[in-house]
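> Pasting a predicted model and its sequence here:
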Amino acid sequence: MIQNEILISAQVLQWRCVESKIDNERLHYSRFAISPFRCGQANTVGIAMRRALLGEVKGTSITCAKFEKVTHEYSTIAGIQESVHDISINSKEIVLESNSSETQKAFISILGPKKITAQDIILPPSVKIIDGKQYIATLTKAIQLDIELEIEKDYGYRIQNSNKSTNSHFFIDAIFMPIRNANYSVHSFENENKTQEMLFIEIWTNGSITPKDALYEASRSLIDLFIPFLHAERREIINELENEYKLSNISYFSSFSPLADKITKEVSFKHIFIDQLELPARAYNCLKRVNVNTLADLLNYSQEDLMKIKNFGKKSVEQVLEALQKQFSINLPKNKIYFY
């Protein structure tokens, strides 16, 4: 049983997983209880969490299939029970998990006769199959079937334009959502002559992410959405402190003074995990190895410090700088600045 505490508005919120079960590889369920809320707060949080779970949690899907010497989506191939379209539809249903934000390639290379399932897909190291028994096609004769698949990680749905399918490449409508369903309910109770509320959140996933991790990811996404509202306030505080300590010659966007760094951590960055930067696997894994887990941890490093991390080259530094600038308008200093 999982239990945690969160301090909100001078009251301690406690949350725990009160029920959890795995019906099969592609259906995981958990129910979480969070309390105590003031009247009205539970509904506010419940609405936001449900929408974030359904729309802000990334998933992985096959988005394109390439068949050699096939020119039309509805073509049939001698010796294969299904049409090209049917194989594409079956491929779309396969549940995958990926730890890379970049497009990955996978392959099917099978000699018939054989029933082809998800476990027959040759995957890159960053991708894994959740249910290897998922059906793809049946080869009824001794023929060779070769398919190249493209795998992407994204949010929500993607409806493909069929006109884009050319040169044996057939683009597939993708369902990236790993959350099958999410519900919430609010229950009132009396506590020390006060009416308070308990929020229950139910989460069903496709097995590529646990309900608990989905809850974490949805929470982080909500925090990220509100970061811009904190930037203006933080900038005003930093400017006041810099003026007080005569540090106004240091730009907020060009470097982080100790005061700015302190305010940044206190306001929000210690709650933002580096997963949100969507870094390539190499850069991400190098940072995790040196215990850089949050944005606050990363802001303790200069560009020179990053270069000293084992296997962290110039390209990885550039990727980190680009992600920080794009998502948070932050530039890491080239070297650490010390004040005496």
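Done, it's in.
> any idea how far the residue positioned nearest the centre of the chain is from T205?
In the chain, the centroid-proximal residue (CA atoms, centre = their mean) is K58; its distance is 4.1 Å. Separation of K58 from T205 (CB to CB, to the nearest Å): 12 Å. Every residue, glycine included, has its C-beta placed from N, CA and C.
> any residues in contact with both of these two?
Counting by CB atoms under 8 Å, 6 or more residues apart in numbering, the contacts common to K58 and T205 are P178.
> Check the gap between the residue nearest to the centre of the chain and K153 for me.
As for K58, its distance to K153 is 5 Å (criterion: CB to CB).
> got any residues that touch both of these two?
Joint contacts of K58 and K153 (CB under 8 Å, 6+ apart) are F176.
> The protein: helices as residue ranges?
With helices called from DSSP state H, the chain shows them at 41-55, 84-92, 211-244, 258-267, 281-289, 295-298, 303-307, 314-328.
> what is the mean pLDDT for the fourth one?
Per-region confidence: helix 258-267 scores 51 on mean pLDDT.
> can you offset everything so residue one is 33?
Got it, first residue is 33 now, which makes that one helix 290-299.
> any low-confidence regions in this structure?
33-43, 194, 197, 262-300, 303, 368-372 (pLDDT under 70).
> isn't F69 right up against F232?
No - counting by CB atoms under 8 Å, F69 stays clear of F232, with 11.6 Å between them.
> Those two: who's more crowded?
Neighbour count, other CB atoms under 10 Å: between F69 and F232, F69 has more, with 22 against 18.
> who's in contact with the more buried one?
Taking CB under 8 Å, 6+ apart, one finds L45, V77, Q228, E229, M230, L231 in contact with F69.
> hmm, 7 Å instead?
Q228, E229, L231 (CB atoms under 7 Å, 6 or more residues apart in numbering).
> now the first one, nearest residue through space, not along the chain?
The one in question is Q228. Spatial nearest neighbour of Q228, excluding adjacent residues (CB to CB, 6 or more residues apart in numbering): P68 at 3.9 Å.
> Next up, the contacts around that neighbour.
With CB under 7 Å, 6+ apart, P68 has these contacts: Q43, N223, Q228, E229, M230.
> How is the protein partitioned into domains?
33-89+211-259, 91-207, 282-372 (automatic domain parsing).
> Next, the distance between the ends of the longest one.
Which is domain 91-207. Domain 91-207 has an end-to-end distance of 8 Å (CA to CA, to the nearest Å).
> where does the residue nearest to the centre of the chain sit relative to D55, distance-wise?
23 Å.
> rewinding a little: and of the helices of the chain, who's closest to Y189?
Taking CB to CB, helix 73-87 is the member of the helices of the chain nearest to Y189, at 10.0 Å.
> can I get the CA coordinates of that closest one in CSV?
Provided in CSV are the C-alpha atoms of helix 73-87 (Å, rounded to 0.1, in the frame of the first residue of the first chain):
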residue,chain,number,x,y,z
GLN,A,73,-11.1,21.6,-3.7
ALA,A,74,-11.5,17.9,-4.4
ASN,A,75,-13.7,18.5,-7.5
THR,A,76,-11.2,21.1,-8.8
VAL,A,77,-8.3,18.6,-8.5
GLY,A,78,-10.4,15.7,-9.8
ILE,A,79,-11.4,17.5,-13.0
ALA,A,80,-7.8,18.6,-13.7
MET,A,81,-6.3,15.2,-12.9
ARG,A,82,-8.7,13.3,-15.1
ARG,A,83,-8.1,15.6,-18.1
ALA,A,84,-4.3,15.5,-17.5
LEU,A,85,-4.4,11.7,-17.3
LEU,A,86,-6.3,11.4,-20.6
GLY,A,87,-4.5,14.1,-22.5
